[in-house]
Structures are given as structure tokens and as C-alpha cells.
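Visitor: what would the 3D arrangement of this be:
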Amino acid sequence: MAPTLWVLALAILEALLAYLGSLKNPLFSLIYSWTPAAVAYLFARREGVRFPVLGTPNRHWLLALVLPPLLAAGATLLSLPFGRWQGLAPVKSAFPKLGAMPDAVFLLVFFLYGILLAATVGVLFTLGSEIFWRGYLWEKLRDRGLWPASLEIGFYFGLWSIPGALATAQIEELSVLYVFYLFALGILLTPGLLWIRERGQAVFAAALFLAGVHAWSFLPRMLVEGPREWVGFYSLPGLATLALFNLLLRRWNP
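Guide: Presented below is the predicted three-dimensional model:
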């Protein structure tokens, strides 16, 4: 419990420094994401806890990169009842050098670009936190089993994500629902992250998955126009998509 409290307390302190302007992105995001790793290694060394961070790539590493765009697609579909379909035009306008491509070619290039972004830059911002949540803390709780441990890890992971997000969010994004969605997403993401970490046999696999989620989370809001609280990945459709994914995961891994 003490390591988790340290992680949460340091997260609040770092978010406060960012809010006051003493820490700015991308430095803030790097420090925020790697502080849990420092706590993990400090306590793991004292307690003799070992966990694999890097390992030998296997097919589940590829799955960790392919699942996030599929989850984003699910959130897009579930956003349609709450908004208006805009098509690829907003996405193409964000990437003008690729915008002239035919839709099929653009989608392929965009898909490969998203995977490359998650596997390179994105993982630098997720590996540190995963070393604590899906590395150290999972090793401490794995005897409870995937689902009971997921609930506890996800609860604290959701709490940890809130200060950093609030410190960097735009004013128009802030609401009680926004905070609730952040917390709930932390819980609902955890079973998949632990499953990928186990099947990938390394924390790095979970970091790839989380980096992919971050990289693709913007897509539903670009494709579907509507209220922020009801359209997108960090909203009700995203929660519903992850809940459905967890139901499938429960069947594969009871």
C-alpha cells in the first residue's frame, strides 16, 4: 500500500507544479510517467520483487499494437447515436501531406503511422507507469488472480491518471463527467493491460498497448462530431467499448 500512496502523492505534487507553470510538456509528461517506475524499483529492490520489463517479442506484442485501433473503431461506432458522422475529411485535413491519397491508401498509411507512433514515441510515455502498475504492483497482487487484481490496480491507476490529465487539460474539457471517465477508463483498461502483459511476457507489451490507446484515442472525436461527454474514446462510448472487450476477455481468460 505504501508504494501506491507514494505514487499518488507524487502525482498530485507534479500536477500542482505543472498547473503553476513550473513544469511544462513534454517534460511534465515524461516526469509524471516515469516517477512510478522510480518508486517501483526502489521498493522492488528492498522487497526482492522481480518482474520482466523487456523480453523477447512475440505475437502478443503485435496484438498490443493492433487492438487499440480496433477499440477506437468500436468507440467510433458507439458514438454515432450521439453525434454526426463527418467521414475522413477532418482526419485528412490534420495530415495535409497525405490528404490527396485515395481513401483506401490513406487508411493503410494512417494505420501504419499510428502503430509506428505508438511503438516509438508513445511507448516512451507509457513504459514508466507500466513498470509500476503492470510490473511491480501486478507481481505483488498476482496471487489474487487477474480479475480481482485488475479491480484494485485499476482503481489506483484510475486515480493516478486524474491529476496529470487535469493539469494539462483545456478548460472546456473539464467537468465532473470528464474526471469520472478518466477514473473509469483506468479500471476498464487494466484487465486488457494485464492480459497483454502476461501473454507478451513483459511489461513492455503492456506499455505498447497503452501507448496505442493514447495514440488512437483522438480518432472517434475526429470522425464523429458531437458533445464531448457523449462522443469519443474518453467518454461513454469508450467505456462501453472497453466493457464489451472485457466481457470477451472474460470468456477467453475466466
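Visitor: pLDDT (mean, whole number) over whichever strand or helix holds Thr35?
Guide: Here Thr35 sits within helix 27-47, counting by DSSP states H and E. Averaging pLDDT along helix 27-47 gives 92.
Visitor: residue contacts, Phe111?
Guide: Pro69 (CB atoms under 8 Å, 6 or more residues apart in numbering). To be clear about C-beta, it is placed using only N, CA and C from the backbone, and glycine gets the same treatment.
Visitor: may I see the buried residues of the host helix or strand of it?
Guide: Using DSSP H and E, Phe111 sits within helix 103-117. For helix 103-117, the neighbour count (16 or more other CB atoms under 10 Å) marks 106, 110, 114-115, 117 as buried.
Visitor: quick one: which of those is nearest Ile12?
Guide: Leu117 (29.2 Å; CB to CB).
Visitor: so that closest one sits against Ala215, correct?
Guide: Yes - here Leu117 reaches Ala215: they are 5.1 Å apart, a contact under CB atoms under 8 Å.
Visitor: circling back to that earlier point, what helices or strands is the helix holding Thr35 leaning on?
Guide: Packed against helix 27-47, as judged by 3 or more CB pairs under 8 Å, 6 or more residues apart in numbering; DSSP states H and E, are the following elements: helix 2-19, helix 127-130, helix 146-168.
Visitor: show residues contacting that helix.
Guide: Under CB under 8 Å, 6+ apart, the answer for helix 27-47 is 2-3, 6-7, 10-11, 14-15, 17-18, 23, 49-51, 124-129, 131-133, 135-137, 160, 164, 167-168.
Visitor: what do you get if the cut-off is 6 Å, keeping everything else the same?
Guide: 3, 6-7, 10, 14, 18, 125, 128-129, 131-132, 135-136, 164 (CB atoms under 6 Å, 6 or more residues apart in numbering).
Visitor: most neighbours, which of these?
Guide: Phe132 (31 neighbours; other CB atoms under 10 Å).
Visitor: which ones are touching that residue?
Guide: Counted by CB under 6 Å, 6+ apart, Phe132 has contacts 36, 40.
Visitor: circling back to that earlier point, most packed of the helices and strands packed on helix 27-47?
Guide: helix 127-130 (a mean of 25; mean count of other CB atoms under 10 Å).
Visitor: list the buried ones in the helix or strand encompassing Ala73?
Guide: Per DSSP H and E: Ala73 is located in helix 59-79. Residues of helix 59-79 classed as buried: 60-61, 63-65, 67-69, 71-72, 74-76, 78-79 (neighbour count, 16+ other CB under 10 Å).
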